[in-house]
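Chemist: predicted model and sequence follow; I will ask about them next.
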There are 2 protein chains.
Amino acid sequence: MVRRTGEATREEIRTAATHLFRERGFARTSVRDIAALASSNPALVIRHFGTKELLFLETMHLTIDDEPLFDVPMEQFGERFIEVLLADDDIRGVYLALVRGSNEPQIRTRLQDIHEKMFVGPVRARLAGPDADIRARLAAAVVGGLLYVLWVVGDEALVAAEPRELVVRYGALLQQVLTERH
Amino acid sequence: MVRRTGEATREEIRTAATHLFRERGFARTSVRDIAALASSNPALVIRHFGTKELLFLETMHLTIDDEPLFDVPMEQFGERFIEVLLADDDIRGVYLALVRGSNEPQIRTRLQDIHEKMFVGPVRARLAGPDADIRARLAAAVVGGLLYVLWVVGDEALVAAEPRELVVRYGALLQQVLTERH
DNA sequence: GTCTATAAAATGATAGAC
DNA sequence: GTCTATCATTTTATAGAC
């Protein structure tokens, strides 16, 4: 067997780090906290992952299944997109940790990557024309605005609103932007 | 004379703090840094302002002149609003510092206040109907989305774009959302 | 009001025994 | 691979002389 017992420890540390970074963010999570939750010790955390920041970058990532998830008619894309984003529980924690940690250049770069792949990409794939890129980026700003207001700012009226109402209203709004009837 | 020399020191500390908090944010600005820039010392900073966080809250605020600035026809409001937000140099630094520091409950509360007064308020004042509040909040999310994408994420294509093009395109987009032609 | 000196605590990371 | 002990630094905040 090639497998070593270290692999299990490594995985426990990774799990603990994922949990804590999502919950408290980068700055408020210490290497000691992670070690404690993983029933390990700080030295091992560093030994396995190098630095706290490398561990953060290794755990804080997001992916989106574009093709299968958005196999809906184009006129329902706006609503469906918002629905998927708000339904996925992983997104919120990772997103918040990245936004609040974005003072660190590496973390900000990760935020850019995720923004590009999760927001800009899916939208641009559904637009055409010479200005498709900038239109997609502005539509992605609209999408990001909802997550920002719900999760970073925490607009109390919107947080307390019926999720379905948010999906319908903001979905329609996004759709309107994408369709762009002048 | 009632004025004491302490007032000048206090003002220098306030100025230094404003500058550094805008430039580097809360976490990356130390009381020592502020004292050094103010040609003072850490003890005096604390003596005058209590804690670093109180000093942060005293310096990081924004106001908007609603009435005089938005004295334009309603159909130009969207573009004008975006134009004003992007033109004001104070906003960016304060906004970034608040977003990145929003792990701290007090800082997040301040962000909520500013969001309410700067974004939700002006928009809602121009909407009517039973759903004016939620529509204003969703439109404010759209507005926040642009600042978020430009300043927090730093979408390189948008940052590099002609400011005028952003104002025109995103202004039209916001206008469309406010006018809401179905 | 001002400042030097320092307290008190927390942090990321490392050395070296096992 | 693991862990104890600790280094080295940085932080906010305070005590007390002037």
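Modeler: That came through, no problem. Numbering: from 1, shown residues only, chains lettered A, B, ... in the order given.

Chemist: how about the residues of chain A by DNA strand C?
Modeler: With C-beta under 7 Å from any atom of the strand as the criterion, chain A meets DNA strand C at residues A:29, A:30, A:31, A:32, A:33, A:42, A:43, A:46, A:47, A:51, A:52, A:53. Where C-beta positions appear, they are placed from N, C-alpha and C, glycine not excepted.

Chemist: now list the buried members of the residues you listed.
Modeler: A:29, A:31, A:33, A:52 (16 or more other C-beta atoms under 10 Å in any protein chain shown).

Chemist: and the helix or strand where residue A:35 lies, what other elements does it pack with?
Modeler: Using DSSP states H and E, residue A:35 maps to helix A:31-37. The contact analysis (3 or more C-beta pairs under 8 Å, 6 or more residues apart in numbering or on different chains; DSSP states H and E) places helix A:31-37 against helix A:6-24, helix A:42-49.

Chemist: so which of those helices gets nearest residue B:103?
Modeler: Between residue B:103 and the helices and strands packed on helix A:31-37, the tightest spacing by C-beta to C-beta is seen for helix A:6-24, at 7.6 Å.

Chemist: dump the C-alpha coordinates for that closest one into PDB.
Modeler: What follows is helix A:6-24, C-alpha atoms only, in PDB (Å, rounded to 0.1, in the frame of the first residue of the first chain):
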ATOM      1  CA  GLY A   6      -0.800  11.200   6.900                       C
ATOM      2  CA  GLU A   7      -3.400  11.400   4.200                       C
ATOM      3  CA  ALA A   8      -6.200  11.100   6.800                       C
ATOM      4  CA  THR A   9      -4.800  13.900   8.900                       C
ATOM      5  CA  ARG A  10      -4.300  16.000   5.900                       C
ATOM      6  CA  GLU A  11      -7.900  15.600   5.000                       C
ATOM      7  CA  GLU A  12      -9.100  16.400   8.500                       C
ATOM      8  CA  ILE A  13      -7.100  19.600   8.500                       C
ATOM      9  CA  ARG A  14      -8.500  20.500   5.100                       C
ATOM     10  CA  THR A  15     -12.100  19.900   6.300                       C
ATOM     11  CA  ALA A  16     -11.600  21.900   9.400                       C
ATOM     12  CA  ALA A  17     -10.100  24.700   7.400                       C
ATOM     13  CA  THR A  18     -12.900  24.800   4.900                       C
ATOM     14  CA  HIS A  19     -15.400  25.000   7.700                       C
ATOM     15  CA  LEU A  20     -13.700  27.700   9.600                       C
ATOM     16  CA  PHE A  21     -12.700  29.900   6.700                       C
ATOM     17  CA  ARG A  22     -16.300  29.800   5.400                       C
ATOM     18  CA  GLU A  23     -17.700  30.600   8.800                       C
ATOM     19  CA  ARG A  24     -15.200  33.300  10.000                       C
END
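
Chemist: could I get the buried residue list for that helix?
Modeler: A:9-10, A:12-14, A:16-22, A:24.

Chemist: tell me how far residue A:162 lies from residue A:156.
Modeler: Residue A:162 is 14 Å from residue A:156, where distance means C-beta to C-beta, to the nearest Å.
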